[in-house]
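Undergrad: Model the following, please.
(chains A and B)
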Amino acid sequence: MSRFAISVHGVAKDFPVGDDNIRVLHDINVDVNAGELTYLVGESGSGKTTLISIIAGILYPTEGRVQVFDTEIYDLSDNELVMFRLANIGFIFQQYNLIPTLTAAENAAIPLIADGMKRDEAVERGRVLLEKLNIANQADKFPRQLSGGQQQRVAIARALVHEPRLIVCDEPTAALDAKSGRRVMDLLREVALSEDRAVIIVTHDNRIFDLADRILAMEDGRITHDGRDKAILMQEDAQ
Amino acid sequence: MNWVAIRMLTGDRVKFIGLVFGVAFSTLLITQQLTIFVNLLMRGGVAVQEVSTANVWVMDPATRTADVIYPMPITALDRVRSVSGVAFASPLLRSNASIRTPEGDLEGVTVIGVDDSSLVGIPRRMFEGDPARLMDPDAVFIDDVGSRKLFAPGQTVIGSQLELNDQRAIIKGIVDSTPTFTAQVTLYTRYSNALNFVPGTRNRLSFVLVRSDANVSPETLAGRITEQTGLKARTTQQFTRDGIDFIIENTGIPINFGITVVLGVIVGVAIVGLTFSLFIRDNIKQFGALKAIGVTNRKIMVMVAAQSGLVALIGYGLGLTMAAGFIGGGAAGSDDFKGFYMPNQIPLITAALVLAIIALTGFIAIRSVLKTDPASVFR
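TA: Numbering: from 1, shown residues only, chains lettered A, B, ... in the order given. Take a look at the predicted model:
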């Protein structure tokens, strides 16, 4: 059994543009440990969203292999892959993508309901998680009645409610002010991270770089920096 | 996940109401137009259906319907009576005439002359008066719709005099009959009176109404009469159908109503399709997120089907209720709709068309959801 939560080997991705293909990821090799908060950073167009989509099992690579907790995910059938995501991966999106006509507790319960749990039981589990995230008093409110920070907490609850082993976040602090952003990251570290779980975050929000355990920097579809020495990266970023 | 789908749908009130309205309006349009169409066609056979005592109608071979008649000589009656298997045979005269009303107006009427002794041929139900009063001199019965057409509310109908072909006719009763396709005022009288009321020609007998013996089927007897007399004989069902077919073949009604029904379907597809597409487009990110999280395409399809099904059920129910109210209210309150009803087949046909609308729009909507790349939620 591998000690890595995620193993990416030789991954490349092409996108068709007209009659041609454009390669947006080139021979990516990276392993991510469980129990770590890993950032994937880089400019727009650097390939970080493509890479995280491949790691999350929602975008097939053109070449290479991806293992998530020892499962070769792209060897699975389409249906098996969907079920694997449902059981093992939690998603936090930049725009939250909450269902506007469901309450916070109901939104948080969606992965459990999708997995076949009874509605009442699932919503109750959603409420418990919202309580852990300090927004129990907002559980019966609809997304439009919540602030951006509160919506992001609901999205975190939704990502964690089914206790996945991998949490994938896309710009979780982009729509938040600095204070709220740091609070969300602290919360993620506190609630999401454990010895057997990995959290990987796509961001270019340098205000929260110091909170990462490891930063992978990308440029032109390649990983250009892979290290735990955040100071170097933060220094580079400052320059 | 179906309750999530339903909550997604019903939570967006404006679109939900728009979708329900679209289906309801289509249902109303299709059901109402089909009902009117069928009932108008049925009026082509009403004159035949009203005569319950006869089960075979005998006529000149040139006669096509109860209103398109080539008269026969009265000797035809005896020829028909001589055929074995005939329980009884009665003469019937149907002809158009003009009457002068008490106010001096001229009105076209259909005069029906029934057998002098048996009165076979008058409708079963009387609104007012006794069938035996038709034996009175110059007596006529008027149909209830015609009485309201000729006489103002509150005006005395029974006992009123009409002038028919320079002859006096006295209204002695009002019969409860369904208007025919021509929707003229109908006067019932004895055959001998009718000969005086309508302008004279050599041959006056329109039909011979026949009842078959108990041991002979109407079809067999009709065949036997045609074979032995050379006259055209049709069972009640066949002759009713002939009247309906005549309308279908000789009027633009099927095309006009058909166009409206097609319009109902198009309006349904347009409103429901557009609104459903907008609904799906507004929620495409949420569907994408659900797919990324781990909701299978099959579950997504079931979700969209649940949404479509709910819209169809509520819209269809509302539309059908409105159509039933329209037809029922019209039948109760308007002479134009008298006797109109909604045959069982029409809600079923409408349901099939609504299902087709929903299936088409749902298919279009679901395609965009299924095509949505779950990775798009990261873009």
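Undergrad: so the residue nearest the centre of chain A, which of the three states?
TA: The centroid of chain A falls nearest to residue A:168 when counting by Cα atoms, centre = their mean (1.3 Å). Here residue A:168 is strand, with the state taken from DSSP: H, G, I helix; E, B strand; the rest coil.
Undergrad: tell me the pLDDT at it?
TA: Residue A:168 carries a pLDDT value of 91.
Undergrad: State whether residue A:185 and residue A:208 are indeed in contact, as I suppose.
TA: Yes: between residue A:185 and residue A:208 there is a contact under Cβ atoms under 8 Å: 5.0 Å. The way it works is simple: take the backbone N, C-alpha and C, and place the C-beta from them, glycine included.
Undergrad: Spit out the residues that contact those two alike.
TA: Common contacts of residue A:185 and residue A:208, defined by Cβ atoms under 8 Å, 6 or more residues apart in numbering or on different chains, comprise residue A:173.
Undergrad: Which one's more surrounded, these two?
TA: Neighbours were tallied for residue A:185 and for residue A:208 using other Cβ atoms under 10 Å in any protein chain shown; the higher tally belongs to residue A:185 (25 against 20).
Undergrad: could you list every residue that touches that one?
TA: Taking Cβ under 8 Å, 6+ apart, we find residue A:185 in contact with A:172, A:173, A:208, A:211.
Undergrad: Repeat the analysis, applying 10 Å as the threshold.
TA: Counting by Cβ atoms under 10 Å, 6 or more residues apart in numbering or on different chains, residue A:185 makes contact with A:37, A:39, A:169, A:172-173, A:176, A:199, A:201, A:203, A:205, A:207-208, A:210-212.
Undergrad: and it, what pLDDT?
TA: 81.
Undergrad: so how far is chain B from it?
TA: Plainly put, residue A:185 is 19 Å away from chain B if you go by Cβ to the nearest Cβ, to the nearest Å.
Undergrad: so where is chain A shaky, pLDDT-wise?
TA: Within chain A, the stretches with pLDDT under 70 are A:1-3, A:228-239.
Undergrad: Now do the strands in it.
TA: Under the criterion DSSP state E, chain A contains strands at A:4-17, A:20-33, A:37-42, A:63-68, A:71-72, A:89-92, A:166-170, A:198-202, A:214-219, A:222-227.
Undergrad: try the stretch 51-200 of chain B
TA: Along the stretch 51-200 of chain B, the segments classed as strands by DSSP state E, counting those that start in this stretch run B:56-59, B:86-100, B:106-114, B:126-128, B:139-143, B:161-164, B:167-175, B:185-190.
Undergrad: Now mean pLDDT and distance to residue B:203 too, for the ones you listed, in a markdown table please.
TA: Listed next are those as a markdown table, based on pLDDT from 0 to 100; distance: least, Cβ to Cβ, whole Å:
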| stretch | mean pLDDT | distance to residue B:203 |
| --- | --- | --- |
| strand B:56-59 | 95 | 12 |
| strand B:86-100 | 91 | 11 |
| strand B:106-114 | 89 | 14 |
| strand B:126-128 | 86 | 31 |
| strand B:139-143 | 92 | 23 |
| strand B:161-164 | 86 | 20 |
| strand B:167-175 | 91 | 20 |
| strand B:185-190 | 92 | 19 |
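Undergrad: Counting neighbours, what do you get for the residue of the stretch 151-300 of chain B found nearest chain A?
TA: Chain A sits closest to residue B:294 of the stretch 151-300 of chain B, with a gap of 2.5 Å, by Cβ to the nearest Cβ. When neighbours are defined as other Cβ under 10 Å, residue B:294 has 27 of them.
Undergrad: ok, now residue B:130?
TA: Other residues lying near residue B:130 total 10 when counted by other Cβ under 10 Å.
Undergrad: In space, what's closest to it - neighbours in sequence excluded?
TA: residue B:173 (6.8 Å; Cβ to Cβ, 6 or more residues apart in numbering or on different chains).
Undergrad: Where do the helices of the chain begin and end?
TA: You didn't pick a chain, so chain A it is. A:48-55, A:78-88, A:104-108, A:110-114, A:119-132, A:148-160, A:178-192, A:230-238 (DSSP state H).
Undergrad: I was after chain B.
TA: B:2-11, B:13-42, B:46-49, B:75-81, B:144-150, B:191-197, B:218-229, B:236-250, B:253-282, B:284-293, B:297-333, B:345-371.
Undergrad: Pull out the buried residues from the first one.
TA: Looking back up the chat, that one is helix B:2-11. Buried positions in helix B:2-11, judged by neighbour count with 16 or more other Cβ atoms under 10 Å in any protein chain shown: B:4, B:5, B:6, B:7, B:8, B:9, B:10.
Undergrad: Can you pick out the most distant pair from those residues?
TA: The span of the buried residues of helix B:2-11, defined through Cβ to Cβ, is set by B:4 and B:10 at 11.2 Å.
Undergrad: Identify, out of the helices of chain A, the most deeply packed stretch.
TA: When you average the neighbours per residue for each of the helices of chain A (mean count of other Cβ atoms under 10 Å in any protein chain shown), helix A:104-108 leads with a mean of 28.
Undergrad: and it, is it in reach of chain B?
TA: Yes: Helix A:104-108 reaches chain B (Cβ under 10 Å from any Cβ of the partner chain) through A:106, A:107.
Undergrad: show me where pLDDT drops low in the stretch 151-300 of chain B?
TA: Judged by pLDDT under 70, the stretches of the stretch 151-300 of chain B that qualify are B:183.
Undergrad: Residue numbers of it in contact with chain A?
TA: By the rule Cβ under 10 Å from any Cβ, the part of the stretch 151-300 of chain B lying against chain A is B:282-283, B:285-299.
Undergrad: mind running it again at 6 Å?
TA: Contact residues, the stretch 151-300 of chain B versus chain A (Cβ under 6 Å from any Cβ of the partner chain): B:285, B:286, B:289, B:292, B:293, B:294, B:295, B:296.
Undergrad: now the residue of the stretch 151-300 of chain B closest to chain A, nearest residue through space, not along the chain?
TA: residue A:86 (2.5 Å).
Undergrad: That neighbour and residue A:56: what is the separation?
TA: 12 Å (Cβ to Cβ, to the nearest Å).
Undergrad: about what we covered before: filter the contacts of residue A:185 down to the buried ones, PyMOL style.
TA: In PyMOL, a selection of the buried entries from those looks like this (16+ other Cβ under 10 Å):
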select buried, chain A and resi 37+39+169+172+173+176+199+201+203+205+208+211+212
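Undergrad: Return the set of buried residues in stretch B:86-96.
TA: Quick answer for stretch B:86-96 (16+ other Cβ under 10 Å): B:86, B:89, B:90, B:91, B:92, B:93, B:94, B:95.
Undergrad: could you list every residue that touches residue A:42?
TA: A:48, A:217, A:218, A:219 (Cβ atoms under 6 Å, 6 or more residues apart in numbering or on different chains).
Undergrad: Now render these as a markdown table, adding distance to residue B:106.
TA: Putting the contacts of residue A:42 into a markdown table (distance: Cβ to Cβ, whole Å) gives the following:
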| residue | distance to residue B:106 |
| --- | --- |
| A:48 | 92 |
| A:217 | 100 |
| A:218 | 96 |
| A:219 | 98 |
